[in-house]
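**Q** show me how the following folds:
(chains A and B)
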Amino acid sequence: MIRVTRRYRFAASHRLSSPRLPEEENRRIYGKCANPYGHGHDYLLEVSARGPVDPRSGRAVDTPALDELVRDRVLKPFDHRNLNLDAPEFQGGVVPTTENLGLEIARRLGAGWKQVFPGGWPVLEKIRIVETPRNIFEVVVNP
Amino acid sequence: MFITRRVEFSASHVCSNPALSEEENRRLFGESANPHGHGHNYVVEVTLEGEPDPVTGMVLDLKELKAILEREVVEPFDHRFLNYEVPPFDRTIPTAENVAIEIWNRIQPRLKPRLHAVRVYETSDLFVDYFGGSR
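**A** Take a look at the predicted model:
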């Protein structure tokens, strides 16, 4: 079994503020991240998949196929976008924290996974998002 | 406790399977199938698992690990064309996956502490982890 990890990057803006909370409370919880016009990050996304090495290709993951999945499901919708305004998932009260962004990316990759990797292998093991060098979030899908 | 040491080597390779058609190789490997090869600055991280020796306070003398990695990995792989100069890559495709497995097989018998993982970075945006056998 081999774990293959691929890194991708996208730039997006967000504002952390819950419509269900009063302004002072948002300010207390989210600090500067609640500033009204939002701010942005260069997100680094790591996608890890695990599987046996296919003797035909010598590889555990068809990386061009993974690249296409990530491009279509994550990079195209999120890169150079405002997560609060451009992504339907973050309307209706879901705050685009990187926790929620990670869960959404995991959901999106999971939804397209079977179509790209129909043989059962590789499995999506985890994703990791580096929001800033000091803020890193990991979502484990298949431990 | 885990202890990791990192080494680097630069090597060239071609990824293609002679049993497959050119189009199929092109689809599977893209530019990596270009016939005359290309190169990478590989980074290898070797992680051992063990408890510190009560006398030395060390899991393994890092000088010893350094010497093993130098002899078993850097010396044979550095500035080589993997497909032509580093067996078994005359027979198996030198993907990052197979390079990690080969490094594991070369160093594992030489190590007293348990080898936990071999990580191979082919580029900074693509790396693989091998934990031996089944996991």
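
**Q** hey, let's count contacts and neighbours off CA atoms from now on
**A** Noted.

**Q** can you give me the pLDDT of residue A:119?
**A** Residue A:119 carries a pLDDT value of 89.

**Q** burial count for it?
**A** 9 (other Cα atoms under 10 Å in any protein chain shown).

**Q** dump the residue contacts of residue B:124.
**A** residue A:7 (Cα atoms under 8 Å, 6 or more residues apart in numbering or on different chains).

**Q** the helix or strand hosting residue A:104 near chain B at all?
**A** Taking DSSP states H and E as the criterion, residue A:104 maps to helix A:98-116. No - counting by Cα under 8 Å from any Cα of the partner chain, chain B is not contacted by helix A:98-116; separation bottoms out at 13.5 Å.

**Q** is the very next helix or strand once past that helix anywhere near chain B?
**A** Downstream of helix A:98-116, the first helix or strand assigned by DSSP H and E is strand A:123-132. No - under the criterion of Cα under 8 Å from any Cα, chain B is not reached by strand A:123-132; the shortest gap measures 12.2 Å.

**Q** can you list the strands that strand A:123-132 pairs with?
**A** strand A:39-51 (antiparallel), strand A:135-140 (antiparallel) (DSSP bridges).

**Q** now residue 128, nearest residue through space, not along the chain?
**A** Defaulting to chain A. In this structure, residue A:128 finds its nearest non-sequential neighbour in residue A:138, 4.3 Å apart by Cα to Cα, 6 or more residues apart in numbering or on different chains.

**Q** sorry, should have said chain B
**A** Here the residue nearest residue B:128, using Cα to Cα, 6+ apart, is residue A:4, at 4.3 Å.

**Q** residues contacting the one helix or strand the one you found maps to, please?
**A** In this structure, residue A:4 sits in strand A:2-14 according to DSSP H and E. Identification of contacts with strand A:2-14 by Cα under 8 Å, 6+ apart yields A:38-53, A:60-61, A:75, A:78-84, A:96, B:97, B:124-131, B:135.

**Q** and what of stretch A:35-52?
**A** Contacts for stretch A:35-52 (Cα under 8 Å, 6+ apart): A:1-16, A:33, A:60-61, A:121-132.

**Q** flag every buried residue along the helix holding residue A:104.
**A** A:98, A:100-106, A:108-109, A:113 (16 or more other Cα atoms under 10 Å in any protein chain shown).

**Q** kindly report the same for stretch B:45-54.
**A** B:45-50.

**Q** ends of that stretch, how far apart?
**A** The first and final residues of stretch B:45-54 sit 26 Å from each other (Cα to Cα, to the nearest Å).

**Q** do that stretch and chain A meet at all?
**A** No - judged by Cα under 8 Å from any Cα, stretch B:45-54 stays clear of chain A, getting no closer than 14.0 Å.

**Q** my guess is residue B:10 contacts residue B:79, does it?
**A** Yes - with contact defined as Cα atoms under 8 Å, residue B:10 counts as touching residue B:79 (5.3 Å).

**Q** circling back: take the buried residues of stretch B:45-54 and keep only those in strands.
**A** B:45-49 (DSSP state E).

**Q** chain center to the helix or strand of chain B with the lowest mean pLDDT: distance?
**A** Sorting the helices and strands of chain B by mean pLDDT, DSSP states H and E puts helix B:22-29 at the bottom, at a mean of 91. Computed by Cα atoms, centre = their mean, to the nearest Å, the chain-centroid distance of helix B:22-29 equals 24 Å.

**Q** equivalent analysis for stretch A:84-92, please.
**A** 14 Å.

**Q** buried residues of it, list them for me.
**A** A:84, A:89-90.

**Q** same check, this time on stretch B:23-31
**A** In stretch B:23-31, counting by 16+ other Cα under 10 Å, buried: B:25-26, B:28-29.

**Q** OK, contacts around the residue nearest the centre of chain A?
**A** Closest residue to the average C-alpha location of chain A: residue A:105 at 3.6 Å, with Cα atoms, centre = their mean. Applying Cα under 8 Å, 6+ apart to residue A:105 gives the contacts residue A:74.
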